Every structure is written in C-alpha cells, then in structure tokens.
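In: test case, fold it:
(one chain, ligands or ions: 1)
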Amino acid sequence: MPDDLERARARLAQARRVAALCGAGVSAESGVPTFRGPGGLWENHRPEDLATPQAFGRDPVLVWRWYQWRRELISRCQPNPAHLALAELERRLAEFTLITQNVDGLHSLAGSRAPLEIHGSLWRLRCLGCGDEREDRRLDLPDLPRCGACGGLLRPGVVWFGENLDHDLLERAWQAAEACQVMLVIGTSAVVQPAASLACTAKRAGAFVVEVNLEATPNTGQVDVSLLGRAGDILPLLLAPA
Ligand code: OAD
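Out: Coordinates of the predicted model:
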C-alpha cells in the first residue's frame, strides 16, 4: 500500500488532465448512507418501490416521503476531507473533471465549481407538466409538491432506474474519461452503468487509473492502483507533497 500510494501520488502530481469518478462512498464519512453494503439504502428498501418512474406513478406520496427524508438527513451533513481534497485538486489543475453519481450536493458545498452530477440532484425539482426544473432547497415541502408555474406535479431531479442520463453531461463525462491522464475512481461499487464503465474507458484511452475504496470492486482487476481505505483518509494523502 505505501508503494501504491506513492505511485499514485507521483502520477497525480505529474498529470495535467485529471478526472474523478465518485460514488456514495465519498459521502459516507459525512453521514450520508451508501446504497449497497451493510446499512446501505438498498438493504431495507427495494429500488423498484422508490427509484423508478413506475414507483412514482403508483405512489408519489411514498416516493416523495423517502426523498424528503433523504433531503432532511443530507441537509445536516457537511463535506468531509474527501470532498475538500477534490475541490483542492480542481483549484490546482487546469483540466479537472469531477464526475459524480452522488445527488447530495456536497461536492459543491466543498467548493467544487462544476461537478457533473450525472445522476442528478436531490436539490433540484422537475415539473412533470411543463418540464421546468429548478433548485429548491426547502425542507418543508408538501406531501405532493406542485409547480408554481403550471400546477403540475413536481418530482425529484434525480435519475431513476430505467431512465436515461442527461445526454450532454454524459458526453462531457466520456470526453473527460478519454482525455484524462489520471482517473481517480472513488467510493463506487462500480455496478451501475454507464458510470461504472467510465473507468474502463479511461484505462483504454491510456489513463493511469487509481481506485479508492474500502473493498475490491468489479473494476479492481483493471485499474493500475487500488488503494483500500477510507476516501477521507486517502485523498488528502494523495494530494500531499511527496
Ligand atoms: P454504492 O452504495 O453501490 O457503493 C458505495 C461504495 O463505496 C462501495 O464500494 C463501498 O465499499 C465504498 N465505500 C463506502 N464507504 C467508503 C469510504 N468511507 N471510503 C471509500 N469507499 C467507501 O454506491 P454507488 O457506487 O455510488 O443510483 O452507487 C451507484 C448508484 O447506485 C447510485 O448513484 C444510485 C444507486 O442506485 C441511482 O440512484 C440512479
């Protein structure tokens, strides 16, 4: 591990174009539950009951209650050293792309300027009637929030299972994966596509890929360095001077 850490740190220090792909593990130390693994959200809930367009169509109150609960929980969470290190990396580099599957908004709170939130944001609401989408941080939403403009039902601005990711965001994520010299893959179980394959794209395009995770993932065999441990411990070490 010390050698691997050194190798990763040296490659990162030399790189001019860097991309990071983040998952729920990045926010775990902030107190945001992950999806899989012990205590994960999918341990006690089925995604098909809460995170699909069909679930919302069947029981929007149930789905909204779950999202309201997550909004409240996350409103009390602060960025951790992993978020802060990523914001610092962005300040240091001319070309840095932060691709995140997280919908909690903690990257922006930490100072990251333009995270590609490819799974959307809990803090954005979209109208099913007129399609208007805007930021809304209220914690006291009614059971079924309605659009101020057209009265249509609002839904969380996140990507649900079975839905397409925003084409433009995904395009920018692919471009960053293809252009980067180093890709950091942090705190993701690497089982949800297309995000999971961004690491392989970067690898095929010649990037040095560094995985940071508590445990091995389907990506581990393909990356250049796998650093096992907490993102909040490892990322500050990766940025520290040699
Ligand atoms: P997961 O919950 O699937 O995986 C979290 C990963 O983070 C696991 O591999 C953990 O080992 C790792 N982990 C946990 N704590 C960590 C820590 N402190 N430091 C480093 N690693 C840690 O979360 P994602 O991979 O983000 O999608 O899940 C991908 C998508 O599946 C989510 O965006 C969500 C979910 O269903 C949608 O809602 C569309």
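In: what are the buried residues along the lowest-mean-pLDDT helix or strand in the chain?
Out: Considering only helices and strands, the least confidently modelled element of the chain by mean pLDDT, DSSP states H and E is helix 41-44, at a mean of 88. Applying a neighbour-count criterion of 16 or more other C-beta atoms under 10 Å, one finds residue 41 buried in helix 41-44. All C-beta spots, glycine's among them, are computed from the backbone N, C-alpha and C.
In: is that helix up against the ligand anywhere?
Out: No. Contact of helix 41-44 with the ligand is not found when judged by C-beta under 6 Å from any ligand atom; the minimum separation is 6.7 Å.
In: using CSV, write out every CA atom in that helix.
Out: Listed next in CSV are the C-alpha coordinates belonging to helix 41-44 (Å, rounded to 0.1, in the frame of the first residue of the first chain):
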residue,chain,number,x,y,z
LEU,A,41,-30.3,2.2,1.5
TRP,A,42,-31.0,-0.8,-0.7
GLU,A,43,-30.7,-3.2,2.3
ASN,A,44,-34.1,-2.1,3.6
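In: not counting that helix itself, show me its contacts.
Out: For helix 41-44, the surrounding residues in contact (C-beta atoms under 8 Å, 6 or more residues apart in numbering) are 33-37.
In: out of these, who's nearest residue 15?
Out: Proximity of the contacts of helix 41-44 to residue 15 was ranked by C-beta to C-beta; the top entry is residue 34 with 28.0 Å.
In: for the ligand, see how far away the closest one is.
Out: Summarising the geometry, the distance separating residue 34 from the ligand, computed by C-beta to the nearest ligand atom, to the nearest Å, is 3 Å.
In: give the contact list for that residue.
Out: Residues 23-25, 28, 40-41, 187 are the ones in contact with residue 34 under the rule C-beta under 8 Å, 6+ apart.
In: who are the contact partners of the spatially closest residue to it that is not a sequence neighbour?
Out: Excluding the flanking residues, the one nearest residue 34 by C-beta to C-beta, 6 or more residues apart in numbering is residue 24, at 4.0 Å. With contact taken as C-beta under 8 Å, 6+ apart, residue 24 is in contact with 32-35, 101-102, 187-188.
In: can you redo those as CSV with pLDDT?
Out: Compiled in CSV, the contacts of residue 24 are given as follows (pLDDT from 0 to 100):
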residue, pLDDT
32, 97
33, 95
34, 94
35, 91
101, 97
102, 98
187, 98
188, 97
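In: so which of those is the closest to residue 180?
Out: residue 188 (16.2 Å).
In: quick one: that closest one and residue 101 touch, right?
Out: Yes. Contact status for residue 188 versus residue 101: in contact at 6.3 Å, counting by C-beta atoms under 8 Å.
In: now do the shared contacts for these two.
Out: Jointly contacting residue 188 and residue 101 under the rule C-beta under 8 Å, 6+ apart are 21-24, 195.
In: most neighbours of all these, which one?
Out: By neighbour count, taken as other C-beta atoms under 10 Å, the most surrounded of those turns out to be residue 21 (31 neighbours).
In: do the longest helix anywhere in the chain and the ligand meet?
Out: Of all the elements of type helix in the chain, the one with the most residues (DSSP state H) is helix 60-75. No. If you take C-beta under 6 Å from any ligand atom as the test, helix 60-75 misses the ligand, and the best it gets is 10.5 Å.
In: quick check, nearest of the contacts of residue 24 to residue 57?
Out: Of all the contacts of residue 24, the one with the least separation from residue 57 (C-beta to C-beta) is residue 35, at 22.1 Å.
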